[in-house]
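>>> I would like to see how this sequence folds:
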Amino acid sequence: IFALAVIAKLTGKTKPTFEKAGYGLKGMYAIAIAEIGFTAMLFSMYDLLAALGLLAIIGGAFFTLFKQKAKPSEYIMATITTILLAVFICLLLVK
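Below you'll find the model as predicted:
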C-alpha cells in the first residue's frame, strides 16, 4: 500500500491533491521520504516505531480528508490501511 503511495507521489500523480490541500510539492516529497523510511523500517527491529510512524501519516491523511470535506467513499483506502496497521501493531505488542 505504501509503496504504491510513494510511487504516486514521486511520479507527481498526487500533486494536484497536495496543492489543493495546501501542502505543496515539498510536503508531498517529505511525506514520500517518510513513507519510504517507515516502510523500510517495518523489516527491522524498529518495526513498532515504523508502524506508529505510518499510522501518524494515515492520521494526517484523515485530517486532510476531513478538512477538505471529502465524500465518505474517499475515506476507504485510509480506513483499510488504518485497520491493517492497527492489527499489525496489536500483533507486535502481543509477541
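
>>> From now on I want contacts and neighbour counts done on CA atoms only, so please keep to that.
Noted.

>>> tell me what whichever helix in the chain runs longest is packed against?
Counting residues, the longest helix found in the chain (DSSP state H) is helix 47-67. Helix 47-67 sits against helix 24-41, helix 76-94, with contacts defined as 3 or more CA pairs under 8 Å, 6 or more residues apart in numbering; DSSP states H and E.

>>> Out of those helices, which is the most enclosed?
helix 24-41 (a mean of 16; mean count of other CA atoms under 10 Å).

>>> now the helices and strands packed on helix 47-67 as CSV including mean pLDDT and distance to residue 49?
Shown next, in CSV, are the helices and strands packed on helix 47-67 (pLDDT from 0 to 100; distance: least, CA to CA, whole Å):
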stretch, mean pLDDT, distance to residue 49
helix 24-41, 95, 8
helix 76-94, 96, 9
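
>>> contacting residues around residue 80?
With contact set as CA atoms under 8 Å, 6 or more residues apart in numbering, residue 80 has no partners.

>>> my bad, residue 61
Contacts of residue 61 by CA under 8 Å, 6+ apart are residue 78.

>>> same deal with residue 47?
residue 41.

>>> ok, so what distance separates it from residue 39?
9 Å (CA to CA, to the nearest Å).

>>> same deal with residue 70?
Distance of residue 70 to residue 39, given as CA to CA: 27 Å.

>>> How about residue 88?
From residue 88 to residue 39 the distance is 13 Å (CA to CA).

>>> what's the answer for residue 8, then?
For residue 8 relative to residue 39 (CA to CA), the value is 15 Å.

>>> Equivalent analysis for residue 24, please.
Residue 24 is 23 Å from residue 39, by CA to CA.

>>> between the longest helix of the chain and helix 76-94, how big is the angle?
150 degrees (axes from the mean of the first three to the mean of the last three CA atoms, to 10 degrees).

>>> Please compute how far helix 47-67 lies from its chain's middle.
5 Å (CA atoms, centre = their mean, to the nearest Å).
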